[in-house]
Structure formats: C-alpha cells, structure tokens
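Visitor: turn this into a model:
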Amino acid sequence: MIAALQTLLLVLIPSDAVADDKERLFQFGLFPPISSNGSNSGRTVNAISVNLIGGYSAGTRIFELGSVWNASREFTKGLQLAGLLNWSGHSCNSIQISGAANIAASGDSPLQLAGLLNVGDNIDGLQLSALVNVAKTVKGVQIGLINYMEDGEDGVSIGLINVARHNGKYEFELSFSDAVNTILSFRLGTDRFYTIFSGGVNYLFSPLEYAAGLGFGTDIKWKKRWSNQIEIQAFGISNGKRFSDSSTDSIIQLRLPVCKEFSRHFKLFAGPAVNLGLQNIGADGSAGIPLAPWTMWKTRWKNMYAESWIGLSVGMRFF
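Guide: Below is the predicted model of the structure:
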C-alpha cells in the first residue's frame, strides 16, 4: 500500500535534481510546480506551507496545509493537515490530520487522525481512524476497526480486529457455563485489550439452540503463572435453531475468571459470571425459550423481558 502511494505521488509531483535544501519562511501554491517555490519545491524546507490543492517539499517545520494532499520528502515537524492524504518521510513528533490517510515512513508520531488509514513507525500517543491503523511500535493507543502493530509489549489497540505480531494474544478457549452451556472462543489482541469471537450451543435448560457472541476483555497478570480476566460478551441465542431479527434472544455476560497456566500452551480457569438475559415478548405474551436456570431479578419493559442471574464459567485455553 505504501509503495502504491509513493508511486502515485511520483506521478503527481515532478522529480527534483539532488541539491542542498533551501530554507523558506513561507510557501504558497496551487500544486507543484505552480507555487512560490516553483521547480525547487522538492528541495526546499518551509516553515509554513499553504497549498490550494497539494504541496510537495523537502520538509516542513511548523505547519503544512493542502486541500487534497501534502508530501514532505525528508521530514515534518509541527502540524500536517490535508483533505485526503498526508505523507512524511520522517516524523519529528509531528501531528498528521487528514480526511483519508496519513503516512509517516519513519520517526515518532504523537497523533495521527484520519478517516480511513493511518500508517506510522513509532506511535507515542494516539492513532485514530475509522478503518485501519498500522504501526511498528505503539507506546499509546490505536483506535480503529482494524489495528496492527509489530510489537504489542507497550501499546493498546482498541477495535474489532487487533493484531500484534510480537507479544500478542492468540488464544483458543473451550468453556462451559449455565448461560451458554458449551462455547468455543478465540481471543485476539494484547493482554491490555483483546476481542473475543465466540460460538456455542445451549442444551441444558431448553431445547437445543445455538449462540454467537462478540466481546472484549483485559488480562491482569499475577505471579507464578496466575492471572485473572475481566470480560464482557454479548451472545445472540437462536430461537427454533434460527437467527432472525424478530426471534433472536440475547445474553450479556460479565465474566471474572481466575486462570492458572500449567504449561507453555495450556491454561485452566474458573470464575463467576453475571448474566443478563433479554427476550422479545411475542404477540401471545410469551417470552420464548427459557434463558436462565434461576432468576435473581426480572422485569418487563414494553416488549422486552429481562432477567439476571449469577452463574459459573469454567474451561481451558490453548495458545
């Protein structure tokens, strides 16, 4: 993706002969080479650069604005603001904000804010996009639908899919509980924040039904391979073995298990689970299949029936 964007920039921007960089306080232009720096744009360092369409420079020290794109070949400092794309050869603690994508090929970035994509080297603050964040190291937070980092030792990724190539969490779990009797889950992310994808079956307190779940959690390490987790999951429970908008019941579950690692790739856990069951009330006034083995609290609100109970969750993990 980076190579493709570099190629696009080379097409849009004229190449410059190798020469010593020049320093300018202010640069104004339409797009290179139609600017106050003319054909010297790519070998000029600007303190401030304002471009009606796009800008290209050797570097920016304070502020760079482009309605479509900005490209700083060597480095950026201060703020880079663009309607679609910001490119920096090296970020010197610069802030990048754009409507579509920000890319810092190297250096440290305290903030990258984009509508679709952020690519950074070392993120020392926040990397935020609606779709994808990519970084080598993160000493801060990534927030997006999909997050990727090379090293997950220090950073936190918050999203639907969070991948850390090194020091990441990749766990399969087989668990049993009174809420959803048998569950197979996969955990993806880091110990600080991970996503849980689950599928299961219910068969103890009702006819055979299926469950599909999504959740999030955090892992707190103790000494001697002990740990505990705080996890919240939402399960959709089929009705008549079918999932539909009108018939699907739900269970929201807060789990607080204690876990012991017995070998390099095997753990056992057990702990309490606080459950909230939600069911649509049918035209005949019934709530469908029973969700709770026993009820601690229940209420009816409009066309929704809610009940809660405390149960137990036990299982094993492979990683």
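Visitor: contact partners for Glu150?
Guide: Under the criterion of C-beta atoms under 8 Å, 6 or more residues apart in numbering, the neighbours of Glu150 are 135-137, 164-166. Quick note: C-beta positions are derived from backbone N, CA and C, even for glycine.
Visitor: and the buried ones among these, selectable in ChimeraX?
Guide: Of these, the buried ones can be selected in ChimeraX as follows, counting by 16 or more other C-beta atoms under 10 Å:
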select :135,137,164
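Visitor: between the contacts of Glu150, which is nearest Asn239?
Guide: Taking C-beta to C-beta as the measure, Asn239 lies nearest Ala164 of the contacts of Glu150, at 37.8 Å.
Visitor: tell me the contacts of that closest one?
Guide: Contacts for Ala164 (C-beta under 8 Å, 6+ apart) come out as 148-152, 155, 157, 189-190.
Visitor: tell me the spacing between it and Tyr194.
Guide: Shown here: Ala164 relative to Tyr194, a distance of 10 Å by C-beta to C-beta, to the nearest Å.
Visitor: ok, Ala273 next?
Guide: Ala273 sits at a distance of 18 Å from Tyr194 (criterion: C-beta to C-beta).
Visitor: try Ala212
Guide: The spacing between Ala212 and Tyr194, counted by C-beta to C-beta, is 18 Å.
Visitor: same check on Leu204?
Guide: As defined by C-beta to C-beta, Leu204 lies at a distance of 28 Å from Tyr194.
Visitor: who has more neighbours, those two?
Guide: Summary of the neighbour comparison: Leu204 and Tyr194, criterion other C-beta atoms under 10 Å, with Tyr194 having more neighbours (24 against 12).
Visitor: that one pairs with what?
Guide: The residues paired with Tyr194 through beta bridges, assigned by DSSP bridges, are Gly189, Gly217.
Visitor: pretty sure it sits against Leu160.
Guide: No: with the criterion set as C-beta atoms under 8 Å, Tyr194 and Leu160 do not qualify as a contacting pair; they are 11.3 Å apart.
Visitor: mean confidence for the host helix or strand of Glu171?
Guide: Element membership for Glu171, per DSSP states H and E: strand 169-177. Mean pLDDT, taken over the full extent of strand 169-177, equals 96.
Visitor: now for that strand, which elements pack on it?
Guide: Counting by 3 or more C-beta pairs under 8 Å, 6 or more residues apart in numbering; DSSP states H and E, the packing neighbours recorded for strand 169-177 are strand 182-189, strand 304-318.
Visitor: if we use 10 Å, what do you get?
Guide: Helices and strands in packing contact with strand 169-177 are listed as strand 161-166, strand 182-189, strand 194-202, strand 209-221, strand 249-255, strand 266-280, strand 304-318; criterion 3 or more C-beta pairs under 10 Å, 6 or more residues apart in numbering; DSSP states H and E.
Visitor: packing partners for the second one?
Guide: Yep, that's strand 182-189 we're talking about. Of the remaining helices and strands, those touching strand 182-189 by 3+ C-beta pairs under 10 Å, 6+ apart are strand 156-158, strand 161-166, strand 169-177, strand 194-202, strand 209-221, strand 226-237, strand 304-318.
Visitor: for the contacts of Glu150, which one is nearest Ser263?
Guide: Taking C-beta to C-beta as the measure, His166 is the one of those closest to Ser263, at 21.1 Å.
Visitor: list the contacts of that closest one.
Guide: If you count contacts by C-beta atoms under 10 Å, 6 or more residues apart in numbering, His166 has them with 137, 149-153.
Visitor: and if we set it to 8 Å?
Guide: When contacts are counted by C-beta under 8 Å, 6+ apart, His166 is found next to 150-153.
Visitor: average pLDDT for stretch 120-127?
Guide: Per-residue pLDDT values over stretch 120-127 give a mean of 96.
Visitor: got it, and stretch 268-275?
Guide: Averaging the model's pLDDT scores along stretch 268-275 yields 97.
Visitor: how about residues contacting that stretch?
Guide: So stretch 268-275 is in contact with 175, 177-179, 228-229, 251-260, 262, 292, 308-317, going by C-beta under 8 Å, 6+ apart.
Visitor: so for the residue nearest to Ser175 when sequence neighbours are not counted, what pLDDT did the model give?
Guide: Ranked by C-beta to C-beta, 6 or more residues apart in numbering and with sequence neighbours excluded, the top spatial neighbour of Ser175 is Gly315, at 3.0 Å. According to the prediction, Gly315 has pLDDT 97.
Visitor: tell me the contacts of Gly315?
Guide: For Gly315, the residues meeting the contact criterion (C-beta under 8 Å, 6+ apart) are 173-176, 183, 268-270.
Visitor: let's see it at 6 Å
Guide: For Gly315, the residues meeting the contact criterion (C-beta atoms under 6 Å, 6 or more residues apart in numbering) are 173-175, 269.
Visitor: before I go, just wanted to say thanks for your time.
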